[in-house]
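kindly generate the corresponding structure for this input.
(chains A and B)
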Amino acid sequence: MKPKAFDYLKVSSGEEAVAALAQGGEDARIIAGGLSLMPILNFRLAEPSILIDISKADSLKYIREVGKFVEIGAATRQADLMRWDGTESKLPLLAAAFPFIGHYQTRAKGTVCGSLAHADPSSELPLCLAVLGGEVDLQSTGGKRTLSADEFQTGMLSTAKQTGEMVVAARYPTAKAGEGYAFTEMAQRRGDFAIVALAAVANADKIRLGIGGVADCPTVREWDILEGSALDDALNEFAWDLGGYDDIHATARYRRELVRRLGRRVVEEAKSCRN
Amino acid sequence: MPQLNKGAHHPVTLTLNGDEVTGHAEPRMLLSDFLTHEIGITSCHVGCEHGVCGACTVLVDGTVMRACLTLAVQADGTEVETAENLASDDGELSGLQQAFKKHHGLQCGYCTPGILMSLTAYLKENPKPTEEELRDMLSGHLCRCTGYVGMVKAVLDYCENQET
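Numbering: from 1, shown residues only, chains lettered A, B, ... in the order given. Here you go, the predicted structure:
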């Protein structure tokens, strides 16, 4: 399992990267940590003409607060965000999700924006971006555009990113007063691909629940505060609407059951930790 | 840095376990293959070659990396550390290796170098892990022999007896 031949260019800034992307055409790919891209190359599911390596582009390595968001640069590793001082207080949903994101060994090198650009339907970082209503910045030589999470991820391993564009930053909304956050997932082992991943946000009036691993991209539903059987009914309807499928790890029926049971647990937890 | 063209062999120089080494690699060559076939070390074991099993784990500039998910050309100019670096020059095992031996932390040994390298980085960040933390960290490696029990015992024993 070796990748097909490609050219390689290590760049030192985002500007160099987009210039190389423009020159490289539709088969040019950005590599940062490589945790998502390299397996695909090894399996030859992707055969890029050139890899543009941004892992040493220091200007793309940052975590900063911008208005009501925490902005994360394209070369920032997951472990850097996990260890960042503000994650616990400003990004409590991500703090809860991080232990489920891959392993210690993969977070050390994998990037936040790389996971978003890869757009695996069972990944935690895209799910958190979707349920919080975050944004992604796409840059090309023609300029920058900002997409909301639901505009960005269009399906399984597919995004609205066009030829010549790269993800330069992602913005996760900062925790708001009065909101509670909770995350859980079911996987065969800790850190494996989620069979079902669930992220919930609750405030005094509303519940938002996002589900990953069932439909072909993270799916978010919002309700007025529900209790008891009304919540069970809403979760049951959501589980059926997601249109899960059978695969080697779980049946569609089992996935619906996880949405109902873990959905209830994660919503109650989000409600109970409203501050 | 100039673009490295496919098909051509480019010089890659890195500091391996303290010594500068140079080999040649096409851009598509994986670091695991470079270390094994170009440089000739024997500890970088390839299990799955897609980042799942962890057997090929090495340290690049002190960070744990799957060598099978890293390109050799990406490692140019870095400091790479492999399991060859753990024992002393006269062959005496490191404290962690001795603990693995004492507690049967390995059987066939294929996964062991990767696990030892992960632990080398991890124990610097978290010198006294709980069993739960340790098992969580070990979930990044596949071992089909031991069931991890001896490994967990070995690390906890090693950490217990370390000078703090």
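
run the contact check for the helix ranked longest in chain B versus chain A.
The residue-count maximum for a helix in chain B (DSSP state H) belongs to helix B:112-125. Yes - Helix B:112-125 comes into contact with chain A (C-beta under 8 Å from any C-beta of the partner chain), by way of B:118, B:121-122. (Each C-beta comes from the backbone N, C-alpha and C, glycine too.)

scan these and report the most crowded one.
With neighbours defined as other C-beta atoms under 10 Å in any protein chain shown, the most crowded of those is B:Ser118; it has 24 neighbours.

surely it meets B:Ala55?
No - judged on C-beta atoms under 8 Å, B:Ser118 makes no contact with B:Ala55 at a distance of 10.6 Å.

who touches both of these two?
Residues within reach of B:Ser118 and of B:Ala55 at once, by C-beta atoms under 8 Å, 6 or more residues apart in numbering or on different chains, are B:His141.

residues touching residue 134, list them.
Answering for chain A, as no chain was given. Residues counted as contacts of A:Gly134 (C-beta under 8 Å, 6+ apart) are A:69, A:128, A:148-149, A:170-173.

that's the other chain; I wanted chain B
Counted by C-beta under 8 Å, 6+ apart, B:Leu134 has contacts B:152, B:155-156.

what's the spacing between it and B:Ala154?
Look at B:Leu134 and B:Ala154: by C-beta to C-beta, to the nearest Å, they are 10 Å apart.

follow-up on the earlier one: how about the longest helix of chain B: buried residues?
For helix B:112-125, burial by neighbour count (16 or more other C-beta atoms under 10 Å in any protein chain shown) applies to B:112-123.

where's whichever residue of chain B sits closest to chain A relative to B:Leu71, distance?
Scanning chain B for the residue nearest chain A gives B:Gly140, at 3.1 Å (criterion: C-beta to the nearest C-beta). Distance, B:Gly140 to B:Leu71, by C-beta to C-beta: 21 Å.

same check, this time on B:Gly47
Distance from B:Gly47 to B:Leu71, by C-beta to C-beta: 19 Å.

what number of residues lie near residue 135?
Going with chain A. By other C-beta under 10 Å, 19 other residues sit near A:Glu135.

hmm, no, I was thinking of chain B.
A count of neighbours around B:Arg135, defined by other C-beta under 10 Å, yields 15.

next one: phi and psi at it?
B:Arg135 adopts backbone torsions of phi -60, psi -40, taken as degrees, to the nearest 10.

what strand or helix carries the closest residue to it other than its chain neighbours?
Sequence neighbours aside, B:Val152 is the residue nearest to B:Arg135 in space, at 6.4 Å (criterion: C-beta to C-beta, 6 or more residues apart in numbering or on different chains). B:Val152 belongs to helix B:149-160 when assigned by DSSP states H and E.

kindly report the same for B:Arg144.
Here B:Arg144 is assigned to no helix or strand, by DSSP H and E.

okay, now the domains of the chain?
Picking chain A for this. As given by automatic domain parsing, the domain ranges for chain A are A:7-53, A:61-173, A:180-272.

wait, chain B
Chain B breaks down by automatic domain parsing into domains covering B:10-85, B:95-160.

now do the longest one: distance to the chain's middle.
This points to domain B:10-85. Distance of domain B:10-85 from its chain centroid, counting by C-alpha atoms, centre = their mean, to the nearest Å, is 9 Å.

same deal with stretch A:68-82?
12 Å.

state the mean pLDDT of that stretch.
Averaging pLDDT along stretch A:68-82 gives 98.

hang on, isn't B:Thr57 packed against B:Leu138?
No - counting by C-beta under 8 Å, B:Thr57 does not reach B:Leu138; the two are 11.7 Å apart.

okay, and the common contacts of these two?
Residues touching both B:Thr57 and B:Leu138 by C-beta under 8 Å, 6+ apart: B:Ile115.

those two: who's more crowded?
B:Thr57 (31 against 24).

which SS class is the spatially most central residue of chain B?
By C-alpha atoms, centre = their mean, the mean C-alpha position of chain B lies nearest to B:Val58, the distance being 3.0 Å. When classified by DSSP: H, G, I helix; E, B strand; the rest coil, B:Val58 comes out as strand.

show me which residues of chain B sit near chain A.
Residues of chain B lying close to chain A (C-beta under 8 Å from any C-beta) are B:1, B:3-7, B:26-30, B:33, B:49-51, B:54, B:57, B:63-66, B:68-71, B:73-74, B:118, B:121-122, B:136-137, B:139-141.

repeat the analysis, applying 6 Å as the threshold.
Chain B comes close to chain A at residues B:1, B:3-7, B:27-28, B:49-51, B:54, B:63-65, B:69, B:73, B:118, B:136-137, B:139-140, as judged by C-beta under 6 Å from any C-beta of the partner chain.

ChimeraX command for the buried members of those residues?
Per 16+ other C-beta under 10 Å, the buried members of the residues of chain B next to chain A correspond to this ChimeraX selection:
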select /B:4,6,27,28,49,50,51,54,64,65,69,73,118,136,137,139,140
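
can you list the buried residues in the helix or strand A:Glu16 falls within?
Using DSSP H and E, A:Glu16 sits in helix A:14-24. Going by neighbour count (16+ other C-beta under 10 Å), the buried part of helix A:14-24 is A:14, A:16-21, A:24.

ok, so of those, who is nearest A:Val136?
Closest to A:Val136 out of the buried residues of helix A:14-24 is A:Gly14 (14.0 Å), distances taken as C-beta to C-beta.

what about the helices in the stretch 151-275 of chain A?
Ranges of helices within the stretch 151-275 of chain A are A:228-241, A:252-272, based on DSSP state H, counting those that start in this stretch.

could you dump the ones you listed into a markdown table and include mean pLDDT and mean neighbour count?
Shown next, in a markdown table, are the helices of the stretch 151-275 of chain A (pLDDT from 0 to 100; neighbours: other C-beta atoms under 10 Å in any protein chain shown):
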| stretch | mean pLDDT | mean neighbour count |
| --- | --- | --- |
| helix A:228-241 | 96 | 15 |
| helix A:252-272 | 97 | 19 |
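
of all these, which one comes closest to B:Thr146?
B:Thr146 lies closest, by C-beta to C-beta, to one member of those: helix A:252-272, at 30.3 Å.

circling back: for the helix holding A:Glu16, what is the average pLDDT?
Mean pLDDT, computed over helix A:14-24, is 97.

one more: stretch B:101-120?
Rounded mean pLDDT across stretch B:101-120 is 97.

ok, the residue of the stretch 1-150 of chain A found nearest chain B - contacts?
Going by C-beta to the nearest C-beta, chain B is nearest to A:His103 of the stretch 1-150 of chain A, at 3.1 Å. By C-beta atoms under 6 Å, 6 or more residues apart in numbering or on different chains, the contact set of A:His103 is A:191, B:139-140.

show me the contact partners of stretch A:59-70.
A:13-14, A:54, A:71-76, A:84, A:90-91, A:171-174.
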